[in-house]
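**Student:** Would you be able to build a 3D model of this:
(chains A, B, C and D, ligands or ions: 4)
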Amino acid sequence: MSVMNMIQALNSAHKVMFERDPTTVVLGEDVGYFGGVFRVTEGLQRDYGKQRCFDAPISENGIVAVAVGMAAYGLKPIAEIQFADYIYPGFDQIVSEAARMRYRSAGDWSLPMVIRSPYGGGIFGGQTHSQSPEALFAHIAGIKTVIPSNPYDAKGLLIAAIEDPDPVVFFEPKRIYNGPFDGYYERPVTPWAKHPAAEVPDGHYTVPLGKAAVAREGEEVTILAYGTMVHVALATAEANGIDAEVIDLRSIVPVDIEAIETSVRKTGRCVVFHEATRTAGFGAELAALVQERCFYHLEAPVARVTGWDTPYPHSMEWAYFPGPVRLGLALKKTLED
Amino acid sequence: MSVMNMIQALNSAHKVMFERDPTTVVLGEDVGYFGGVFRVTEGLQRDYGKQRCFDAPISENGIVAVAVGMAAYGLKPIAEIQFADYIYPGFDQIVSEAARMRYRSAGDWSLPMVIRSPYGGGIFGGQTHSQSPEALFAHIAGIKTVIPSNPYDAKGLLIAAIEDPDPVVFFEPKRIYNGPFDGYYERPVTPWAKHPAAEVPDGHYTVPLGKAAVAREGEEVTILAYGTMVHVALATAEANGIDAEVIDLRSIVPVDIEAIETSVRKTGRCVVFHEATRTAGFGAELAALVQERCFYHLEAPVARVTGWDTPYPHSMEWAYFPGPVRLGLALKKTLED
Amino acid sequence: MNDRPERPNRPALSLHVPEPGARPGDPVDFSHIAIPAAGSVRRPDPHAPASETHALVATLVRVLDEEGRAVGPWDPKLDADTLRRILRDMMLVRVYDDRMYRAQRQGKTSFYMKSTGEEAVAVAATHALDRDDMTFPTYRQQGILIARDYPLVTMMCQVYSNKGDPLKGRQLPIMYASKAHGFFTISGNLATQYPQAVGWAMGSAIAGDSRIASAYIGDGSTAEGDFHAACTFAGVYRAPVILNVVNNQWAISTFSGIAGGELTTFAARAVGYGIAGLRVDGNDALAVYAATRWAADRARANLGPTLIELFTYRVEGHSTSDDPSVYRPQNAGAAWPLGDPVERLKRHLVALGEWDEARHQAQHEALDAEVRAAQKEAERQGTLQSDPYQDIPSMFEEVFAELPWHLKEQQAQALAEAEAKRA
Amino acid sequence: MNDRPERPNRPALSLHVPEPGARPGDPVDFSHIAIPAAGSVRRPDPHAPASETHALVATLVRVLDEEGRAVGPWDPKLDADTLRRILRDMMLVRVYDDRMYRAQRQGKTSFYMKSTGEEAVAVAATHALDRDDMTFPTYRQQGILIARDYPLVTMMCQVYSNKGDPLKGRQLPIMYASKAHGFFTISGNLATQYPQAVGWAMGSAIAGDSRIASAYIGDGSTAEGDFHAACTFAGVYRAPVILNVVNNQWAISTFSGIAGGELTTFAARAVGYGIAGLRVDGNDALAVYAATRWAADRARANLGPTLIELFTYRVEGHSTSDDPSVYRPQNAGAAWPLGDPVERLKRHLVALGEWDEARHQAQHEALDAEVRAAQKEAERQGTLQSDPYQDIPSMFEEVFAELPWHLKEQQAQALAEAEAKRA
Ligand SMILES: Cc1ncc(C[n+]2csc(CCOP(=O)(O)OP(=O)(O)O)c2C)c(N)n1
Ligand SMILES: Cc1ncc(C[n+]2csc(CCOP(=O)(O)OP(=O)(O)O)c2C)c(N)n1
Ligand SMILES: [Mg+2]
Ligand SMILES: [Mg+2]
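**Tutor:** Ligands and ions are numbered 1, 2, ... in the order given. Next comes the predicted model:
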């Protein structure tokens, strides 16, 4: 056990897997000697050599494509996309290739590969260092999509993703790399050290893909969240004295439908909460699922609290970010309805 | 007025605009001398010259990118992507560039451009000539997405899209290019000639973006559909003797929320119907919207009838395609609930 | 056109749109095609610096001369059995193509693509590789499977999407896949396989393996970003991969000028990436063999990739969905000055005294009979028209290794729907 | 690693991963950089076939020699006023960069990027274009705006995301945009502007206009598919565009070898596309000017694109988020053998008798005062830290030309939220 922030936990997951499995390989822009712009791959090249961890040309398309090829060969590549906002040049190789390979070859090839990428806003990154494109991947059959919210999960989920026989897109909310940001941006930053989930085993363990966690038990309303928003949800419930049950989905595909149903059946109310733009976001899927499956338990419509349907504006970051005020207003309305 | 199938109507839209507006330009794979693999651009190069309509290298990325550049210059480019399944290499230029240009330049640049693409299944095209990726575009702020269901609308919507000051993704359900397919694949194909919407004005007219049409009035249940599915919905209602109101959305962004609310308030029940894979499809957005806005009018959960969350399999096309049986079962269940 | 300034001193620009030399109705004219004499191109050492190949990218490596003799430094000096095997495989590809094309025309399946005139680029190249090297083909290298003895019946079952289809009816006809035969699963999306091959080769290098990869792409498809990614990564990491460009001069209705073919050769791209490059007469099986072997030796010596342009001609339509007579002169293929790869290899064997017209005829008949027999057997397992692969539960399998809850639910729903349809 | 076959006769492969010559702690060593003498490279006619430039892609067009004389066929023979103007603009860029860097360090904004050592590639090139040609820059060509007299205060307001920011606080600092100044809106996504520039130039050609486009890309970013699309489309349609590659040898922490720089020059890519290519000393303002003018003349004559590699060195860190001392030797930039563009042009003017140390010093002070005054004025309109652009309704504007219903609703919601925050 060590106290780790999220970067350290992700770095530890890499090291554990590099030790256990010689077929694991890391590639991406600046991941080698430098250790990645967020330092997640720090020390890998130094300790395991350039054939296990190396810099890639600035071609997200190429990075994903050669990772596909390496996985087809029999390696377990872990590709870093420097920011999720830059994943689109690799979109075709993810959607048309990585996601389809097992199916179209009827199992002759499978692709145990992970595409990691820092994601989300809250660091004044402007419109091209702040995006949350998870819904685009959720819509693609054949891809699993995972989003951790704390160091313990980050390490366990990343190891599970690396060990998973199918391609996994792994988004790391960069705003909580160093501390569990609760959305109160005016307050001083809390480091992970004070958070129980910063207690991370040094060795191998997994957090299973497709299983949610109950981040807070509650009776009045269910909040479905993932990543940074889990912390915002917890803080908002607290601040407003609302007895919310906060479900940390951890994976969005497959999503833990049991956990969702159990909670919503109990509370009868549901707020879906994410940072991505609203229209056709993953919150739409969650709202659709909840009303399909818990309709007769619902006492109010499922509400969505999300980023706006605009790019992420640099100077108005906090007016864009779905923080405690936006969530608080929606919770109150949902409880009144 | 002439009787036109959808291809002829789309071709006519091009010709009307080529006549009226010398800044309109068409580019795409095989669109020039040959007139496009579906013949939508037939005759344009012959009649307007190679500088107005020309073949492009096989680079969807390049096609979108140079269209962005041409629109930035001041032309109105209409880019054809040969199949919607091949739009992904151009995804970055659409999402990060076309969609963002007006916003990020605070209006200094705007991009009046259209990206047209044949889409959807039902022609035994297998997994890479059958996809319906509209939800991916609906999630992107700054892009309008349009899907016509008949020749009259196809022409009017395409002209509106070309005249629109913002980038429009225009998906053409290829299964209904030649006739209004109702999902009964065992039956002989009906040509457009017999359909009232095949009466198409020869000259200029528009069908406004963002406005739905009531394809069938009804009292029992609302079916929200677009493209090919409009015809399947009509036939299913008929076959099952269900008094469904079928709304043809025509645009999914912006979506005609008034038409949706009006109908669902009236019927109290709603089935959302599309061919795309289900999870995080546009149906999720529709279901979310309907339950958010019509919750207290709903007598049953909003149901989704969609393609499966798998690639589109070649030989099991009709087991994949959301046909009248799938819709019929869902309608019955929704009416019973 | 908005805010166009007045600049009287500047001449007006105009857009150049390349146009092929001949359209329907025009006479076929290949006189602009420069054809160096067989044997005239030097052969650098496979271990030489890449730059030594750069003088060759505008010429054409050719071995078989007009009389069917193998001449010059690129002659791979194959024994007669190997030559006969290559000839037989090419003939088989052609017979197979003809039968399957006809089957599609008879409505037995939805789609087919022939490789007529391009048999050498797949067959001869495959024989120059090790059996366990991995190939990353396009839809036009069915010859690789045939060269590696993939069962004809299974190929046909794939084309028919029937019960015997190893791909469970999921893929469009001709999108074969067989790991055991070193034939990567074909994608409907052009060019994607190219950088994947590079990744596979990088994997082989990382693992300290000795197997190499061989990738194919069409002239038209070189315009995709994937081509650039492949060349860039292959060069940077010296990946043991052969990057073949099959320049058959057409991409559906679009001639290679729209892919940049007016400006230089496709082999010249190698110069820009600083990697080895060769330009080869793709209708000359011996030249194809020799160039492939050269590139394979180089890759195995850890010296990295070679870009090989295989210059050939698409004799038939793009696919069964295409009619080339509406965009190019009829029978352009017959006039192609580099001839037919089958005829040229046949003439060589005959010139060697290792083959004759009678044996050729007999072999053709034997292959025809073999293909017909295979077709019968395949059709016993159904066709797309009569009895396609239909297994509802399987539709949901292999999306992932295991079915998640939502696919299980959808699987059940699909079964209920099938039940309702029967009712 | 699975199913790896036993092949004792084949040697094991291994992956080559390029590595820069020196890492922190190592001595700086640029001895491998070949530097041809100024004036030694011939100058083809701008109307010559592209292939005539191909012999030049491995050399370096240089005009200013070690003594500050302008020599050889590429000397653009500029008058002293133009030379002084270029010098002044480069000096201003440097002073501006220093002030804004400092402002970021003081917490007044979130981010900044300097162009130290690369001033010539933006400034000199811009002066070689017409005022109404359109440029498609990266984030490192602030020199274009300065060369076109964009107001310094407005630039700073953009950097501060304050009330005066013409981009309404939407863009990261340094992502300027100004149509009126022919400066295309900068994207955070690398390389996307490159094929857009080609499209703009195609548009100009289609419209019969005479304006051309000039695009920039970094060495690292050439690996993106957009680079390939740009070169392909520009070549095919002979687009009137200048395709500049600023090879400053670094992409954040990654040296140019990872983009293919170990294998050949970036200018050599021109050979592969069959387009004109030049390789230029990017720290030599006269060489940059001359090459740009050559390419502009060529483009205006409807002869198509030129790829220009501008060979330079990124003297400072990638951005304020970067510390280069952790991945390369300290002060590598100071040892760069091609010197400093400002110093070199200054020496030239001095050698001509058109400049002297005192004027230089006075100009530096005047520019410094100008920038400080501008900064004060800009800061009066706020900084990101103290008083950023804040206008909730505007956040929803210009997503589309008109607000659709859902954005209107969200706008109202955002206003209600702002209200609740105030409460
Ligand atoms: C990404 C993508 N874009 C477009 C297509 C449609 N398409 C299929 S084959 C083809 C032409 C390919 O030409 P070429 O690469 O020269 O190969 P050839 O058919 O001549 O062997 C096109 C445009 C596709 N399959 N994938
Ligand atoms: C598509 C994309 N991928 C990655 C990044 C992150 N990134 C920003 S700058 C940079 C390095 C660019 O290097 P180069 O092209 O050489 O330009 P330079 O910074 O040296 O001017 C990277 C990787 C990005 N902005 N966009
Ligand atoms: Mg071709
Ligand atoms: Mg650089």
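
**Student:** CA only for contacts and neighbour counts going forward, please
**Tutor:** Will do.

**Student:** Looking at the stretch 201-337 of chain A, which residue is nearest chain D?
**Tutor:** Sorted by distance to chain D under CA to the nearest CA, the residues of the stretch 201-337 of chain A start with residue A:313, at 4.3 Å.

**Student:** give me the element that residue is part of.
**Tutor:** When secondary structure is defined using DSSP states H and E, no element contains residue A:313, which sits outside every helix and strand.

**Student:** Can you list the residue ranges for strands in the stretch 201-350 of chain C?
**Tutor:** Counting by DSSP state E, counting those that start in this stretch, residue ranges of the strands within the stretch 201-350 of chain C are C:213-218, C:241-247, C:250-251, C:254-255, C:276-281, C:306-311.

**Student:** Rebuild the ones you listed as TSV, extending it with mean pLDDT.
**Tutor:** Converted to TSV, the strands of the stretch 201-350 of chain C look like this (pLDDT from 0 to 100):
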stretch	mean pLDDT
strand C:213-218	98
strand C:241-247	98
strand C:250-251	98
strand C:254-255	98
strand C:276-281	98
strand C:306-311	98
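
**Student:** What about the nearest residue to residue C:35 once chain neighbours are set aside, how many residues nearby?
**Tutor:** The shortest distance from residue C:35 to any non-neighbouring residue, by CA to CA, 6 or more residues apart in numbering or on different chains, is to residue C:60 (7.1 Å). Under the neighbour criterion other CA atoms under 10 Å in any protein chain shown, residue C:60 is assigned a count of 25.

**Student:** Test my guess that the residue of the stretch 201-337 of chain A closest to chain D contacts residue D:161.
**Tutor:** No - with contacts defined as CA atoms under 8 Å, residue A:313 does not count as touching residue D:161, sitting 10.0 Å away.

**Student:** So if I had to pick from these two, which one is more boxed in?
**Tutor:** Per other CA under 10 Å, whichever of residue A:313 and residue D:161 has more neighbours is residue D:161, with 35 against 27.

**Student:** The more buried one and residue D:168 touch, don't they?
**Tutor:** Yes - A contact is recorded between residue D:161 and residue D:168 when judged using CA under 8 Å, the distance being 7.0 Å.

**Student:** Give me the common contacts of the two.
**Tutor:** Common neighbours of residue D:161 and residue D:168 are listed as residue D:389 (criterion: CA atoms under 8 Å, 6 or more residues apart in numbering or on different chains).

**Student:** can you pull the contacts of residue 175?
**Tutor:** As the question left the chain open, I've gone with chain A. A:120-123, A:181, A:228.

**Student:** I was after chain C.
**Tutor:** The neighbourhood of residue C:175, defined by CA under 8 Å, 6+ apart, consists of C:139, C:158, C:185-188.

**Student:** Check those against residue C:350 and report the nearest one.
**Tutor:** Proximity of the contacts of residue C:175 to residue C:350 (CA to CA) peaks at residue C:139, which lies at 31.5 Å.

**Student:** so how far is residue D:232 from residue C:145?
**Tutor:** Here residue C:145 is placed at a distance of 33 Å from residue D:232 (CA to CA, to the nearest Å).

**Student:** neighbour-wise, which of those two wins?
**Tutor:** The residue with more neighbours, out of residue C:145 and residue D:232 and counting by other CA under 10 Å, is residue D:232; that gives 27 against 24.

**Student:** Which pLDDT value goes with the residue nearest to residue C:35?
**Tutor:** What the model reports as pLDDT for residue C:60 is 98.

**Student:** Isn't it up against residue C:281?
**Tutor:** Yes - between residue C:60 and residue C:281 a contact is recorded at 5.9 Å, counting by CA under 8 Å.

**Student:** Helices of the stretch 201-350 of chain C, residue ranges please.
**Tutor:** With DSSP state H, counting those that start in this stretch applied, the stretch 201-350 of chain C shows helices at C:225-236, C:269-273, C:285-300, C:341-352, listed in chain order.

**Student:** Just put these in CSV and tack on distance to residue B:96.
**Tutor:** Putting the helices of the stretch 201-350 of chain C into CSV (distance: least, CA to CA, whole Å) gives the following:
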stretch, distance to residue B:96
helix C:225-236, 17
helix C:269-273, 28
helix C:285-300, 38
helix C:341-352, 47
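
**Student:** closest one to residue D:16 among those?
**Tutor:** Nearest to residue D:16, of these and by CA to CA, is helix C:225-236 at 7.6 Å.
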